[in-house]
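Enquirer: Structure of the sequence below:
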Amino acid sequence: MTEHLTKKDFLEKVFDYEHKKEWEYQGDLPCIIDFWAEWCQPCKMVAPVLEELSEEYAGKIRVYKVNTEEEPELAAAFGIRSIPSLLFIPMNDQPQMAIGALPKETLKQAIHDVLLKDEVKTN
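Expert: Predicted structure coming up:
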């Protein structure tokens, strides 16, 4: 299930950019952060796909949402200029940004290539 983040949540669960200069992910699972807005049609297309992915990858990744209208400081902190923007945050690497309403298969590929690349293959 996707979870909406406020600035306070973000500072606790993702990255405390107010006190740290170097990137240090606070989370316990890799995550995707969807920067979106209510008026954005492409955002509305991506939302149900992200919801599906959050269920398919439950226990492996987290999917967060940041409303850029309600949390402009978070959007500014990551230089969000167009939405939807998706921030992929692996456990031990730098975050990577993708912009636009990406299809589900592309998102799944990014999840495997960026977020779960270090996971041990079990099939």
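
Enquirer: So what touches the biggest helix by length in the chain?
Expert: The longest helix of the chain (DSSP state H) is helix 41-56. For helix 41-56, the surrounding residues in contact (CB atoms under 8 Å, 6 or more residues apart in numbering) are 1-2, 32, 34, 36-37, 61-63, 65, 83-84, 86, 100-104, 107-108, 111. Just so you know, the C-beta spots here come from the backbone N, C-alpha and C atoms, and that holds for glycine as well.

Enquirer: One more: stretch 96-105?
Expert: 42-43, 45-46, 49, 52-53, 78, 82, 84-88, 110, 114.

Enquirer: again, but for stretch 107-123
Expert: By CB under 8 Å, 6+ apart, stretch 107-123 touches 30-32, 49-50, 53, 57, 60-61, 86, 88-93, 96, 98, 102.

Enquirer: now with 7 Å?
Expert: Residues from elsewhere that reach stretch 107-123 (CB atoms under 7 Å, 6 or more residues apart in numbering): 30, 49, 53, 57, 60, 61, 88, 90, 96, 98.

Enquirer: Identify the bridge partners of the residue nearest in space to the middle of the chain.
Expert: The residue lying closest to the centre of the chain (CA atoms, centre = their mean) is residue 33, at 1.7 Å. Taking DSSP bridges as the rule, residue 33 bridges to residue 64, residue 87.
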